[in-house]
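In: Below are the sequence and a predicted model; questions follow.
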Amino acid sequence: MSIQSCVEVRNEWDIVSARQLGRNMAKELGFGTVDQARITTAISELARNIYLYAGHGKVCIEAVEEMGKKGLKIIATDKGPGIRDIRKVMEDGYTTSGGLGAGLPGVKRLMDEFSIDSSVNVGTEIIATKWIR
Amino acid sequence: MRNMINDISSNKRDVIAQKWKNELSTLKNLCISSKITPDMFEQLNEEFLDMMIRYINQNDIEKDQTLHRFFDKVLQLNMPLKFLTQGLQTFRRVILDVLLQEDVKKEKAIDIYQHVDRLIDPLLNEVVEESSLFWEKTVSAQKTALMELSAPVIPVLENITVMPLIGTIDTERAKLIMENLLDGVIKNRSLVVLIDITGVPVVDTMVAHHIIQAADAVRLLGATCILVGIRPEIAQTIISLGIDLSYFPTKSTLLKGIEHALEITNQQLLKK
Ligand SMILES: Nc1ncnc2c1ncn2[C@@H]1O[C@H](COP(=O)(O)OP(=O)(O)OP(=O)(O)O)[C@@H](O)[C@H]1O
Ligand SMILES: [Mg+2]
């Protein structure tokens, strides 16, 4: 059994709540300050993408344990427009909103594990995990 | 009808006062939460009753705003709205009690009810309206104060300006940062502006993007932007995100930033 908490993302303040939830959980699990910042930033990116591109969705944070390793998992899901070309959005600098296009490739580097599952007109699910060293 | 209310309320002022006080004493614990002493509470109560009796006696204190001023005073004292609404309701009950104690016929009783309602209801409406107006004003004043605090521009030395940022940056605040920064550069004839992000909890791509845009705009005005207060963990996340901050100077602390700014502006601080 794993502990999971979720935050609905509909507006900018929900992004802050999701971040807060992640930071508290990371602290409790024993992550150091640098990893706490990495996790919080990753949540911020995923939650903001939901807010910007899907309008509505949710971010769940889960404490996980695997083969004696402890970690934190971020699950960001939405029923938005989906992503047509996943390889493209993982390129540094690719953006459709005039941003930096650094969010998704950045999250992949900030975390230890990263996966995207997306279908056009159905939605997107992004899962990212960080392990305690 | 009017005469009857007049007579009774002035004749039986003591009875009314006694009943009113008994009923309102339950509200006394309200003064615990606001900054009211029990003495002040008694005094307010006394004033309230006095005014109500004058009001009902057709001294027409409506016109000279006495009631209005009293309501305002109570709200300014941070008393709960309940003090006024419950006070008015209690007054209605007490007055009816006293009036209906006499042997009155049914039609007369209905008349009395209606008359008293017509006197008290507008007051209740006024109290609620004034209270919501009061809170609207308070909230709007606080909003303005918050906006002023959210992106302050501080001229510290000749041609050198600092913008310390504390707290979360959302889209609205990012806009304000840009506006204030450019206004500040022009107004203070700044050659260097330091943006201090020590107090910003998360620097994600959106925040970084806004800072880069602000620095670019400052450069177009002929000034230099220095980013200071980058905590070690923030530096690491910025690198992981792959954000390039190399087009403008960055320093770890505000002091180092100011030293750099002095160099750029050909100034020196001398010890005496
Ligand atoms: N949840 C989502 N649903 C649909 N499209 C998405 C979603 N998340 C990202 N995208 C698409 O992927 C692109 C790249 O996202 P990424 O977060 O890397 O950069 P960005 O949001 O454009 O800019 P920033 O650097 O500010 O994050 C976006 O421009 C958008 O088109
Ligand atoms: Mg993004």
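Out: Done, it's in. Note that the structure is predicted; figures quoted are calculated from it, not measured. Ligands and ions are numbered 1, 2, ... in the order given.
In: Tell me how many other residues crowd residue 76.
Out: By default, I'm working from chain A. Counted by other C-beta atoms under 10 Å in any protein chain shown, the residues lying close to residue A:76 total 25. Placement of C-beta: from N, CA and C, glycine included.
In: Can you look at chain B instead?
Out: 9.
In: Excluding covalently adjacent residues, which one is nearest to it?
Out: Leaving aside its sequence neighbours, residue B:76 sits nearest to residue B:134 (C-beta to C-beta, 6 or more residues apart in numbering or on different chains; 8.0 Å).
In: cool, and residue B:224?
Out: residue B:192 is the one closest to residue B:224 (C-beta to C-beta, 6+ apart), at 5.0 Å.
In: Report the contact partners of that neighbour.
Out: Counting by C-beta atoms under 8 Å, 6 or more residues apart in numbering or on different chains, residue B:192 makes contact with B:159-161, B:223-226, B:261, B:264-265.
In: and it, bridged to which residues?
Out: residue B:160, residue B:224 (DSSP bridges).
In: still on that earlier bit, what's the spacing between the residue nearest to residue B:76 and residue B:84?
Out: 11 Å (C-beta to C-beta, to the nearest Å).
In: These two - which one has more neighbours?
Out: residue B:84 (22 against 15).
In: Give the other helices and strands that the helix or strand in which residue A:41 is found contacts.
Out: Using DSSP states H and E, residue A:41 maps to helix A:33-49. Other helices and strands packing on helix A:33-49, by 3 or more C-beta pairs under 8 Å, 6 or more residues apart in numbering or on different chains; DSSP states H and E, are helix A:12-29, strand A:57-66, strand A:69-78, helix A:103-110, strand A:123-131, helix B:205-220, helix B:232-241.
In: Just name the most buried of those.
Out: Ranked by mean neighbour count, the helices and strands packed on helix A:33-49 are led by helix A:103-110 with a mean of 22 (mean count of other C-beta atoms under 10 Å in any protein chain shown).
In: Kindly report the residues of chain A close to chain B.
Out: Listed as neighbours of chain B in chain A under the rule C-beta under 8 Å from any C-beta of the partner chain: A:12-13, A:16, A:19, A:33-34, A:36-38, A:40-41, A:44-45, A:48, A:92, A:99-100, A:102-103, A:105-106, A:109-110.
In: need the contact list for residue A:129.
Out: A:64, A:71-74, A:111-114.
In: Mind listing the residues bridging to it?
Out: residue A:73, residue A:113.
In: repeat for residue A:64
Out: With DSSP bridges as the rule, residue A:64 is bridged to residue A:71.
In: Pull up the residues of chain A that are close to ligand 2.
Out: A:49, A:103 (C-beta under 5 Å from the ion).
In: got any ranges where chain A has weak pLDDT?
Out: A:1-2 (pLDDT under 70).
In: Please repeat the previous calculation with a cut-off of 50.
Out: Within chain A, the ranges that satisfy pLDDT under 50 run A:1.
In: what does the stretch 101-250 of chain B give?
Out: In the stretch 101-250 of chain B, no residues with pLDDT under 50.
In: Does the helix or strand hosting residue A:118 reach ligand 1?
Out: Secondary structure assignment for residue A:118, by DSSP H and E: strand A:113-119. No - Strand A:113-119 does not reach ligand 1 (C-beta under 6 Å from any ligand atom); its nearest approach is 7.0 Å.
In: Go ahead and confirm residue B:178 touches residue B:216.
Out: No - contact between residue B:178 and residue B:216 fails when scored by C-beta atoms under 8 Å: they sit 10.2 Å apart.
In: Can you tell me the SS state at residue A:7?
Out: strand (DSSP: H, G, I helix; E, B strand; the rest coil).
In: Which residues are in contact with it?
Out: A:14, A:17-18, A:21, A:47, A:58-60.
In: Residue of chain A nearest ligand 2, please.
Out: residue A:103 (2.8 Å; C-beta to the ion).
In: With adjacent residues omitted, what lies nearest to that residue?
Out: Per C-beta to C-beta, 6+ apart, closest to residue A:103 is residue A:45, 4.1 Å.
In: CA atoms of stretch A:23-42 as CSV?
Out: Taking C-alpha atoms only, stretch A:23-42 is exported to CSV below (Å, rounded to 0.1, in the frame of the first residue of the first chain):
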residue,chain,number,x,y,z
ARG,A,23,7.8,19.8,-0.8
ASN,A,24,6.3,18.7,2.5
MET,A,25,6.2,15.0,1.4
ALA,A,26,9.8,15.2,0.2
LYS,A,27,10.9,16.7,3.5
GLU,A,28,9.1,14.0,5.5
LEU,A,29,10.6,11.3,3.4
GLY,A,30,14.1,12.7,4.2
PHE,A,31,15.2,14.2,0.9
GLY,A,32,17.9,16.9,1.2
THR,A,33,17.4,20.6,0.4
VAL,A,34,18.7,20.2,-3.2
ASP,A,35,16.4,17.3,-4.0
GLN,A,36,13.5,19.0,-2.3
ALA,A,37,14.1,21.9,-4.7
ARG,A,38,14.3,19.6,-7.7
ILE,A,39,11.1,17.8,-6.8
THR,A,40,9.3,21.1,-6.1
THR,A,41,10.4,22.5,-9.4
ALA,A,42,9.4,19.4,-11.3
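In: hang on, the earlier thing: from the contacts of residue B:192, keep the buried residues only.
Out: For the contacts of residue B:192, a neighbour count by 16 or more other C-beta atoms under 10 Å in any protein chain shown gives the buried set as B:159-161, B:223-226, B:261, B:265.
In: From those, list the ones also adjacent to ligand 2.
Out: Within these, nothing lies near ligand 2 by C-beta under 5 Å from the ion.
In: Quick check: residues of chain A near ligand 1?
Out: Going by C-beta under 6 Å from any ligand atom, the residues of chain A near ligand 1 are A:45, A:49-50, A:53-54, A:78, A:80-83, A:89, A:94-97, A:99-104, A:124.
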